[in-house]
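>>> model this:
(one chain, ligands or ions: 2)
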Amino acid sequence: MKTALITGITGQDGSYLSELLISKGYRVIGIVRRSSSVDSRGRLDHLDPDVRKKIILQYGDMTDASSLVAIIKRFEPSEVYNLAAQSHVKISFDQPIYTSEVTGVGTLNVLEAIRISGLNVRFYQASSSEQFGKVAHTPQNESTPFYPRSPYGVSKVFAHWITVNYREAYGMHNSCGILFNHESPRRGENFVTRKISLGVAKIKEEMDAELRLGNIDSQRDWGFAGDYVEAMWLMLQQEKPDDYVVATGVSHTVRDFCEAAFSHAGMDYKDYVKTDSEYFRPSEVDALRGDAAKAREKLGWKPKTDFKSLVGMMVDSDLAFVRNNFSYKHSGFRLSRR
Ligand code: NAP
Ligand code: G4F
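Ligands and ions are numbered 1, 2, ... in the order given. I've put the predicted structure just below:
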């Protein structure tokens, strides 16, 4: 049985990747950080109980290299998926140093833990289309230069290049997936797509009267997270490590997302969406659109979910969530030895 270690297992992608790896027969180890509540494990509540009980959770932190060394030494994973990050772009302007410590140096901590272990590990780095920032050309591919526009983007560029450097310097099997925005009903509530789908549900159920957003003219290439974790796994099944753009190739404005989400629930976004300067960023990434030709040709990967289905899935899920009193059941996980 193969063992995979996932940092960021309690995040959106961590929950989908766990499901995928368990379905493929892996033993899955997940790193969770100490929190004063168990709420951060809410996304794992989406998993089937049979899947959940196969996942082993261990306390650790991206900023605590000793915890990473100990977990890798103990479980000897053959694949490590580095998904943990302070992943919110706007918040990275409020917490730039913390973001660089977790998202940037944290990646180096994981790479060092693997290198020191001497184990033969295949490593996946969660790189981001935010690295392209002020884009040099459209669509963006693996050759597009990086021009990050936020402390988050800069930290991801560091994490990306240190991953490439360890591949070249030490011959490690390291691959970077440069993923464009991917969303789902499990997306964090302060990312724009989920903020909109939840806002639509609350307005529909008369719990809210309006939805306040920032820049609704920015464009993103949005896909479904469930499709994108398959690309992560495929990268680590290749004989040679490499870097791949993962995207749909289609972009929409935030305004388009609002239009589709409100109309899915029988409403007109113009009646409810208000602009609020609170949500604008000091420097913005105006437009992203990816070219995933390399992933299609070398990995045989392509997205299965289009924009309209994604929006409908998120709105339907949030309508059910709101009607169910926003309830997350306790995950029932027990952390080993604690
Ligand atoms: P997410 O939902 O924000 O999840 C982030 C995960 O990192 C959570 O499990 C979080 O734990 C964990 N984490 C944060 N700080 C940590 C620390 N100091 N030590 C250990 N764990 C820590 O992110 P996502 O959307 O699943 O994205 C997964 C990865 O892909 C991230 O690296 C993100 O930057 C990158 N990415 C995402 C997208 C996208 O569109 N979703 C696109 C490109 C790249 P808690 O639950 O305790 O907070
Ligand atoms: O949903 P967002 O916060 O995602 P953003 O900034 O594109 O970052 C996400 O995707 C990256 C991949 O490119 C990941 F690496 C990163 O970790 C994260 O998952 O914002 C999308 C757009 C932005 O242009 C933002 O200015 O929506 C705009 N927006 C408008 N109003 C808003 C809001 N964003 C948020 N979060 N909240 C608003 O009220």
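
>>> all strands of this structure, in order?
3-7, 27-32, 55-59, 79-82, 122-128, 173-179, 182-183, 211-213, 219-220, 223-224, 243-246, 252-253, 273-275 (DSSP state E).

>>> what about the last one, near ligand 2?
No: on the criterion Cβ under 6 Å from any ligand atom, strand 273-275 is out of touch with ligand 2, staying 8.4 Å away. In this view, the C-beta of every residue, glycine as well, is placed from N, C-alpha and C.

>>> okay, now the closest residue to residue 104 other than its chain neighbours: neighbour count?
Nearest residue to residue 104, sequence neighbours excluded (Cβ to Cβ, 6 or more residues apart in numbering): residue 155, at 3.7 Å. Neighbour count for residue 155, taken as other Cβ atoms under 10 Å: 28.

>>> quick revisit: Throw the strands of the chain into CSV and include mean pLDDT, thanks.
As requested, those are exported to CSV (pLDDT from 0 to 100):
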stretch, mean pLDDT
strand 3-7, 98
strand 27-32, 98
strand 55-59, 97
strand 79-82, 99
strand 122-128, 99
strand 173-179, 99
strand 182-183, 98
strand 211-213, 98
strand 219-220, 98
strand 223-224, 98
strand 243-246, 99
strand 252-253, 98
strand 273-275, 98
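
>>> residues from the protein in reach of ligand 2?
For the chain, the contact set with ligand 2 under Cβ under 6 Å from any ligand atom comprises 87, 89-90, 128-130, 180-181, 190-192, 195, 213-216, 218, 220, 254, 279, 281, 284, 288.

>>> show the buried residues in these.
Among the residues of the chain next to ligand 2, those classed as buried by 16 or more other Cβ atoms under 10 Å are 87, 89-90, 128-130, 180-181, 191-192, 195, 213-216, 218, 220, 254, 284, 288.

>>> filter those to keep only those in contact with ligand 1.
Counting by Cβ under 6 Å from any ligand atom, 87, 128, 181 from these sit close to ligand 1.

>>> could you export those residues as CSV, including distance to residue 68?
Listed next are these as CSV, based on distance: Cβ to Cβ, whole Å:
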residue, distance to residue 68
87, 18
128, 21
181, 28
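
>>> of those residues, closest to residue 263?
residue 181 (20.8 Å; Cβ to Cβ).

>>> mind listing what that closest one touches?
By Cβ atoms under 8 Å, 6 or more residues apart in numbering, the residues touching residue 181 are 129, 193, 220, 221, 222, 223, 288.

>>> pLDDT averaged over stretch 308-315 - what is it?
In this model, stretch 308-315 has a mean pLDDT of 98.

>>> hmm, it touching ligand 1?
No: Stretch 308-315 is not in contact with ligand 1 by Cβ under 6 Å from any ligand atom; minimum separation 11.9 Å.

>>> distance from that stretch to the middle of the chain?
Centroid separation for stretch 308-315 versus its chain: 18 Å, with Cα atoms, centre = their mean, to the nearest Å.

>>> same check, this time on stretch 303-319
Mean-position distance between stretch 303-319 and its chain equals 17 Å (Cα atoms, centre = their mean).

>>> just checking, residue 2 touches residue 29?
No: between residue 2 and residue 29 there is no contact, the gap being 11.3 Å when judged by Cβ atoms under 8 Å.

>>> higher neighbour count, the two?
residue 29 (24 against 13).

>>> list the contacts for residue 11?
Residue 11 sits in contact with 43, 83, 84, 87, 188, where contact means Cβ under 8 Å, 6+ apart.

>>> same question, residue 72
5, 80, 113, 114, 117, 119, 121.

>>> count of neighbours near whatever residue of the stretch 201-338 of the chain ends up closest to ligand 1?
Residue nearest to ligand 1 within the stretch 201-338 of the chain: residue 225 (6.4 Å; Cβ to the nearest ligand atom). Other residues near residue 225 number 22, with proximity taken as other Cβ under 10 Å.

>>> okay, and for the stretch 101-250 of the chain, where does confidence drop off?
For the stretch 101-250 of the chain, no stretch is flagged by pLDDT under 70.

>>> could you give the bridge partners of the one residue in the stretch 1-150 of the chain that gets nearest to ligand 2?
Proximity of the stretch 1-150 of the chain to ligand 2 (Cβ to the nearest ligand atom) peaks at residue 128, 3.2 Å away. Taking DSSP bridges, one finds residue 179 as the beta-bridge partners of residue 128.

>>> what about the closest residue to ligand 1 within the chain, distance to residue 191?
Using Cβ to the nearest ligand atom, the closest approach of the chain to ligand 1 is made by residue 11 at 2.1 Å. Distance of residue 11 to residue 191, computed by Cβ to Cβ, to the nearest Å: 11 Å.

>>> so who does the residue nearest to residue 104 touch?
Residue 155 sits next to 85, 92, 99, 100, 102, 103, 104 when contact means Cβ under 8 Å, 6+ apart.

>>> quick one: residues contacting the third one.
The reference is to residue 99. Here residue 99 is in contact with 86, 91, 92, 151, 152, 155 (criterion: Cβ under 8 Å, 6+ apart).

>>> and what of the first one?
Counting by Cβ under 8 Å, 6+ apart, residue 85 touches 8, 62, 102, 103, 106, 126, 152, 155, 156.

>>> now, of those residues, which are buried?
The neighbour count (16+ other Cβ under 10 Å) marks 8, 62, 102, 103, 106, 126, 152, 155, 156 as buried among the contacts of residue 85.
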